[in-house]
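Q: I need the structure of the sequence given here:
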Amino acid sequence: MVMSSQSRAESFVEASMNTGIGFVVSATIWPAVAMMYGLPYSLSVNLGITSIFTVTSLLRSYIVRRFFATNLHRVAVRLAGRITRCL
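A: Got it, this is the predicted structure:
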């Protein structure tokens with residue numbers, strides 16, 4: 001089986017799409033969550049808080065994707081070797 005790794009641009013696009021969808025979901029459900037917990041709600045606060053978490057999520061997703069793109073194969077081979085030795 002031939003494994004291909006994602007380019008940096010592909011990782012960024014995928015992480016951006018995933019995070020963008022998360023932004024829309026979060027901004028949509030926040031008013032209901034605020035109401036359930038009796039928190040004050042305003043659109044500007046909602047968008048501000050959601051934006052902070054969105055940027056954090058984008059960076060986290062990109063870093064994790066790049067880590068796995070560069071290290072997953074190496075780690076998997078090492079782990080498989082250890083498991084084989086234990087059997």
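
Q: Next up, the contacts around residue 13.
A: Contacts for residue 13 (CB atoms under 8 Å, 6 or more residues apart in numbering) come out as none. Heads up, the C-betas are built off the backbone N, CA and C, glycines and all.

Q: helix or strand right after the helix or strand in which it is found?
A: Secondary structure from DSSP states H and E places residue 13 in helix 8-36. Downstream of helix 8-36, the first helix or strand assigned by DSSP H and E is helix 43-86.

Q: At the geometric centre of the protein, which residue do we find?
A: Nearest to the mean C-alpha position of the chain, by CA atoms, centre = their mean, lies residue 61 at 3.4 Å.

Q: surely that residue meets residue 21?
A: No: if you go by CB atoms under 8 Å, residue 61 and residue 21 don't touch, sitting 11.3 Å apart.

Q: mind checking how far the nearest residue to residue 12 once chain neighbours are set aside is from residue 37?
A: Of all residues not flanking residue 12 in the chain, residue 62 sits nearest, at 5.9 Å (CB to CB, 6 or more residues apart in numbering). Taking CB to CB, to the nearest Å as the criterion, residue 62 is separated from residue 37 by 31 Å.

Q: Same question for residue 72.
A: Distance from residue 72 to residue 37, by CB to CB: 39 Å.

Q: okay, those two: which has more neighbours?
A: Higher neighbour count among residue 72 and residue 37: residue 72, with 12 against 7, using other CB atoms under 10 Å.

Q: ok, now how distant is residue 37 from residue 65?
A: Applying CB to CB, the value for residue 37 to residue 65 is 33 Å.

Q: can you check residue 77 too?
A: Distance from residue 77 to residue 65, counting by CB to CB: 20 Å.

Q: So the two - more neighbours on which side?
A: For residue 77 and residue 65, the more surrounded residue by other CB under 10 Å is residue 65, and the numbers stand at 19 against 10.

Q: Not counting residues beside it along the chain, what's closest to the more buried one?
A: Nearest to residue 65 is residue 11, by CB to CB, 6+ apart, at 4.2 Å.

Q: I'd like to know how many residues surround the one you found.
A: Residue 11, neighbours per other CB under 10 Å, totals 19.

Q: That one and residue 66 touch, don't they?
A: Yes: at 5.7 Å, residue 11 counts as touching residue 66 under the criterion of CB under 8 Å.
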